[in-house]
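Chemist: structure, please.
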Amino acid sequence: MSDSTIKAVLGPTNTGKTHLAIERMCGHSSGMIGFPLRLLAREVYDRVRAIKGDKAVALITGEERIEPPDARYFCCTAEAMDRLGGGHAFVALDEAQIAADPERGHIFTDRLLNARGREETMILGSATLEPLVKSLIPRAQMVERPRFSTLKHAGSCKLSRLPPRSAVVGFSSEQVYAIAEALRRFRGGAAVVMGALSPETRNKQVELFQNGEVDYIVATDAIGMGLNLDLQHVAFAALSKFDGKRKRRLTPSEMAQIAGRAGRHQRDGTFGTVSGMRGSTASPPEFTDEEIYAIEEHRFAPLTHLFWREAEPRFTDLSTLVADLEAKPDEPELRPAPEAIDLAVLKRLAEEPLAQSVTGPGAVRRFWEVCSLPDFRSVGAEVHARFVARLWQDLQQGYLGADYVAARIAELDRVQGDIDTLQGRIAATRSWAYICQRPDWVLARDEMFARARAVEAKLSDALHARLTERFVNRRTSLLMKSLGQDGQNLPVELAPDGSLTVDGELIGRLDGFRFALASDATVADRKMLLAAGEKALPAILSQRARWLASEGLQELVIAEGAIVWGEHRLANIELSDDFATARIEFVRELGALPEAERKAFEGSLQQWLDTQLEPLEPLRKLAAAARDPEAGSEARALLHTVIAGHGVVSREDAGLQHLPKEMRPYLRKLGVVFGALDIFAHALLKPAPRQLLHALGIDRRPLNQAMLPVIGNEKRLPAGYRHAGSQMIRVDLAEKILRAAFDARAKATPEVGKGKPPARFALDTALAISIGLEADNIPRLLGSAGFKRFVARKLAEEAFGPPTPDMWSWRPRRPGQQGNRHAKHAPAKTGQSKRGAKDQRQRGKSKRDNKPNRRAHEPAKGSGAFDALKELLG
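Modeler: Residues are numbered from 1 along each chain as shown. The predicted model follows:
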């Protein structure tokens, strides 16, 4: 095959070399491209498959093999590609400068020297490879590709001030994790890319960055190899790395390979370093002027040698095999490769007893294939050799049983554990996937390989979830992007339970119209959450106010002098002195409503409030009459007293002695009832006005919601009730019972002369009992109005006939005498001596004189208006 068909396409990153190779391969009848990474091979495989179809394209790596029967185009890793090119019309090797890598370089050198296409061969790599290509392949045609964009040094930058779409490069997992944790606090998180991750996890993390869910990516130097990212800036957290033997500074070409990820296609990029890392006492890394010039101008020292190892050793015996693998090359441009892990494992196992059974070319070749198992777990030659030895012992019997392999894979099928644990399981699963790929190692290899790949995919998903959970605060990331947006354009959603989210991420809750931050918000997040909430709140609150005004008014109630929605206070209510008008004052949270929306909402609430206050119409009439000068000062004074008592005042506190009798009809027309014990407005004793007075905070006494006729005794007297022994009775019904008693007295007894004892009469208590008063409590109520019961004697044991009814008498109370409001003392029984009754009255008088008169539990007293009037008239 003539060397004239070979083209060396060399140049810096972002020159379109790989894209050119894909175009050239698709222009031939068949082709094969070798890539340095499995994920890069997969990416190109998807692109070529979209052009040529699924049946024409194959993917071959150490752990995955998709090879349709009629495949003509092959995307492979360098290790998996045919070392001679497989007879395809087109053959290409990507990132050929890796031939200078001590660990994998000998593989790329072999493909560089031997893989050829029938019609065209293309070598892709850095310009530093040009002298060696000219020397090793004299007839190769050199093709230079200029970079599409420029790369500029941007200096040092603090991690908290990194521009969006940046990558930060570290050289150890500890450093990568620390940087990712810091970016999570400052910028909402970052994607993580390391060589130790499985290709699936790396792809998912890269997708996290490419989709814009995070604006930052933290990576090791693995980012510099074939990953096409939408980056604008690359920041180095360090400029030195451990290469397996010693810690050394990166070469300018290595720096450029990583920095070149910034700026893709026609967009320029920048590179620099990171300063101000928390916990770091060392000075921040800095590029030298020579390194900056080399990276910006793409001028690097050319490579002086490539690593080589015999690709076709002899398999006569183990010693011959080792000797061939350690042989030195003949060309001066090539150097023997350092001892790789496969050769180290071979030499270790060759000294153990199991090697004695390895005789004959077939067994030696098979033994070398087993020793070539990659160290996916990165455990080193000693530990890896023990795993290879066990594998060889199993393979000596022929094939690995499907049950055995399935059991080993099932042991790894667990998604519990932290990041490092999952990485270890994925590495072990990749080892078994590689084993299942071998054509003569495992029975039912296709099924076992499918199981291994399924477990690897499952573990990769779990690892991606762990990385995202640890290093990505999606809420902070979204808020960082949204802070510059117009509040109307923020993707804010309000859930039915009041949760406020941005693109599905909770930022807080809307309790009524009050915005509360999410409980799990950190101190660093609070400022951003508040800013996002303030931007979104006007639109959200307007939407809620419109719904409440149109459909949710039935959910509003009046409580504690305010309009309340659920558990949330919307506005305080201020009633005028005449109860004719009410003004609402919004709570502070409603101040976030736009002016027009606030006025419309206020109008709707005002209209609703006016309807709710209609039960206070009787009170408004009393207040209007109390302000009418034509009503007369005495009537107005009484009205003020009734209003001050919220519709009820005891007769003895009303000052009726100052009210002319001719004024009573006028007051009765207003709904005022002059009872034996109380003066009250009957309309205000209904449940609706009493509930409203209580809800407005006007009457703070206890409330019986239904205003039942009779209730049990309570610690405090509810509004509109008076005591009746062990019960309490509504004052209008108490008046009804007393009125019936007075009517019965008037019918049963003639006029009693002055100085004569009061006449006795019988009284039917059926009305009181029907209302709900207990029989023992009826004398207590009637006694408050001056009635006295005389208990009838019981029938003798041998007597027959109806029992004698109890008799009653009434004596008016003297002016200044206080009635028995609590009705605690029953009238004296028949037969009690006058001396005993007198002594009892004396003791009661003494007790009243020594005990303060407390009436907090009674109907409200008058305001003293009649006392002032009495002084004025006097």
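Chemist: the most centrally placed residue in the chain and Leu494: what is the separation?
Modeler: Closest to where the C-alpha atoms of the chain average out (Cα atoms, centre = their mean) is Leu506, at 3.8 Å. Counting by Cβ to Cβ, to the nearest Å, the gap from Leu506 to Leu494 is 12 Å. Any C-beta I mention is one placed from the backbone N, CA and C, and that applies to glycine too.
Chemist: returning to that earlier point: so the residue nearest to the centre of the chain sits against Leu500, correct?
Modeler: Yes - using Cβ atoms under 8 Å, Leu506 is in contact with Leu500, at 7.3 Å.
Chemist: from Glu493, how far off is the residue nearest to the centre of the chain?
Modeler: According to Cβ to Cβ, Leu506 and Glu493 sit 10 Å apart.
Chemist: overlap of the contact sets of these two?
Modeler: Leu500 (Cβ atoms under 8 Å, 6 or more residues apart in numbering).
Chemist: so the residue nearest to the centre of the chain, which of the three states?
Modeler: When classified by DSSP: H, G, I helix; E, B strand; the rest coil, Leu506 comes out as strand.
Chemist: returning to what we had before: now for Leu506 and Leu494: what residues contact both?
Modeler: Contact criterion Cβ under 8 Å, 6+ apart; residues bridging Leu506 and Leu494 by contacting each: Leu500.
Chemist: need the contact list for Asp610.
Modeler: Contact analysis of Asp610 by Cβ under 8 Å, 6+ apart lists Ala582.
Chemist: give me phi/psi at it?
Modeler: With angles defined as degrees, to the nearest 10, Asp610 sits at phi -60, psi -40.
Chemist: for Ala562, see how far away it is.
Modeler: For Asp610, the distance to Ala562 (Cβ to Cβ) stands at 16 Å.
Chemist: and what of Ser240?
Modeler: 68 Å.
Chemist: re the thing from before, mind checking how far the residue nearest to the centre of the chain is from Ala495?
Modeler: Counting by Cβ to Cβ - Leu506 and Ala495 are separated by 9 Å.
Chemist: ok, Ser240 and Ala562, which is more surrounded?
Modeler: Legend: neighbour count by other Cβ atoms under 10 Å for Ser240 and Ala562, higher for Ala562 (19 against 12).
Chemist: strands of the stretch 401-550 of the chain, residue ranges please.
Modeler: Ranges of strands within the stretch 401-550 of the chain are 492-494, 499-502, 505-511, 514-517, based on DSSP state E, counting those that start in this stretch.
Chemist: can you list the ones you listed in a markdown table and add distance to Pro302 and mean pLDDT?
Modeler: Output for those, formatted as a markdown table (distance: least, Cβ to Cβ, whole Å; pLDDT from 0 to 100):
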| stretch | distance to Pro302 | mean pLDDT |
| --- | --- | --- |
| strand 492-494 | 57 | 70 |
| strand 499-502 | 53 | 72 |
| strand 505-511 | 51 | 73 |
| strand 514-517 | 59 | 75 |
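Chemist: tell me the strands in the stretch 201-350 of the chain, going along the chain?
Modeler: Using DSSP E, counting those that start in this stretch, strands in the stretch 201-350 of the chain cover 216-219, 233-236, 240-242, 247-249, 269-275, 306-308, 334-336.
Chemist: repeat that for the stretch 651-800 of the chain.
Modeler: Assigned by DSSP E, counting those that start in this stretch, the strands in the stretch 651-800 of the chain fall at 672-674, 678-681, 710-712, 721-724, 727-730, 761-762, 787-790.
Chemist: of all these, which one is nearest Thr429?
Modeler: Across the strands of the stretch 651-800 of the chain, Thr429 has its closest neighbour in strand 710-712 (75.7 Å, Cβ to Cβ).
Chemist: buried set for that closest one?
Modeler: Buried residues in strand 710-712, defined by neighbour count with 16 or more other Cβ atoms under 10 Å: Val710, Ile711.
Chemist: I'd like the numbering to begin with 613 instead of 1 from here.
Modeler: All right, first residue 613 from here; so that's strand 1322-1324.
Chemist: tell me the helices and strands packed up against that strand.
Modeler: With contacts defined as 3 or more Cβ pairs under 8 Å, 6 or more residues apart in numbering; DSSP states H and E, strand 1322-1324 has these neighbours: strand 1339-1342.
Chemist: from Glu963, how far out is the nearest residue to Phe1125 once chain neighbours are set aside?
Modeler: What sits nearest to Phe1125 in space, not counting adjacent residues and going by Cβ to Cβ, 6 or more residues apart in numbering, is Glu1201, at 4.5 Å. According to Cβ to Cβ, Glu1201 and Glu963 sit 80 Å apart.
Chemist: quick one on the thing from earlier: quick one: which of the strands of the stretch 1263-1412 of the chain is nearest Arg998?
Modeler: Nearest of those (Cβ to Cβ): strand 1322-1324, 86.8 Å.
Chemist: neighbouring strands for that closest one, and are they parallel or not?
Modeler: Sheet pairing for strand 1322-1324, assigned by DSSP bridges, gives strand 1339-1342 (antiparallel).
Chemist: who's in contact with the strand it pairs with?
Modeler: Here strand 1339-1342 makes contact (Cβ under 8 Å, 6+ apart) with 1297, 1319-1326, 1329-1330, 1332-1334, 1349, 1383-1386, 1389, 1393.
Chemist: returning to that earlier point: dump the strands of the stretch 1263-1412 of the chain into JSON lines; add mean pLDDT and distance to Lys770 as well.
Modeler: Listed next are those as JSON lines, based on pLDDT from 0 to 100; distance: least, Cβ to Cβ, whole Å:
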{"stretch": "strand 1284-1286", "mean pLDDT": "92", "distance to Lys770": "80"}
{"stretch": "strand 1290-1293", "mean pLDDT": "92", "distance to Lys770": "75"}
{"stretch": "strand 1322-1324", "mean pLDDT": "93", "distance to Lys770": "73"}
{"stretch": "strand 1333-1336", "mean pLDDT": "92", "distance to Lys770": "74"}
{"stretch": "strand 1339-1342", "mean pLDDT": "94", "distance to Lys770": "75"}
{"stretch": "strand 1373-1374", "mean pLDDT": "87", "distance to Lys770": "102"}
{"stretch": "strand 1399-1402", "mean pLDDT": "90", "distance to Lys770": "93"}
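Chemist: what would the ones you listed look like in CSV with distance to Glu1081?
Modeler: As requested, the strands of the stretch 1263-1412 of the chain are exported to CSV (distance: least, Cβ to Cβ, whole Å):
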stretch, distance to Glu1081
strand 1284-1286, 73
strand 1290-1293, 68
strand 1322-1324, 60
strand 1333-1336, 63
strand 1339-1342, 63
strand 1373-1374, 88
strand 1399-1402, 82
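Chemist: for these, which one sits closest to Arg861?
Modeler: Of the strands of the stretch 1263-1412 of the chain, nearest to Arg861 by Cβ to Cβ is strand 1322-1324, at 91.6 Å.
Chemist: how distant is the closest one from the center of its chain?
Modeler: Remark: strand 1322-1324 is offset 51 Å from the chain centroid, using Cα atoms, centre = their mean, to the nearest Å.
Chemist: so where's the stretch 1363-1486 of the chain shaky on pLDDT?
Modeler: Within the stretch 1363-1486 of the chain, the segments meeting pLDDT under 70 span 1363-1368, 1425-1486.
Chemist: where are the low-confidence patches of the stretch 1013-1162 of the chain?
Modeler: Applying pLDDT under 70 to the stretch 1013-1162 of the chain picks out residues 1085-1104, 1114-1117, 1119, 1130-1148.
Chemist: where along it do the helices fall?
Modeler: 1014-1023, 1031-1049, 1057-1083, 1086-1094, 1135-1162 (DSSP state H, counting those that start in this stretch).
Chemist: closest to Lys816 out of these?
Modeler: For the helices of the stretch 1013-1162 of the chain, the distance to Lys816 is smallest for helix 1057-1083, at 4.2 Å, taking Cβ to Cβ.
Chemist: A strand includes the residue nearest to Phe1125, no?
Modeler: No - going by three-state DSSP, the assignment for Glu1201 is helix, not a strand.
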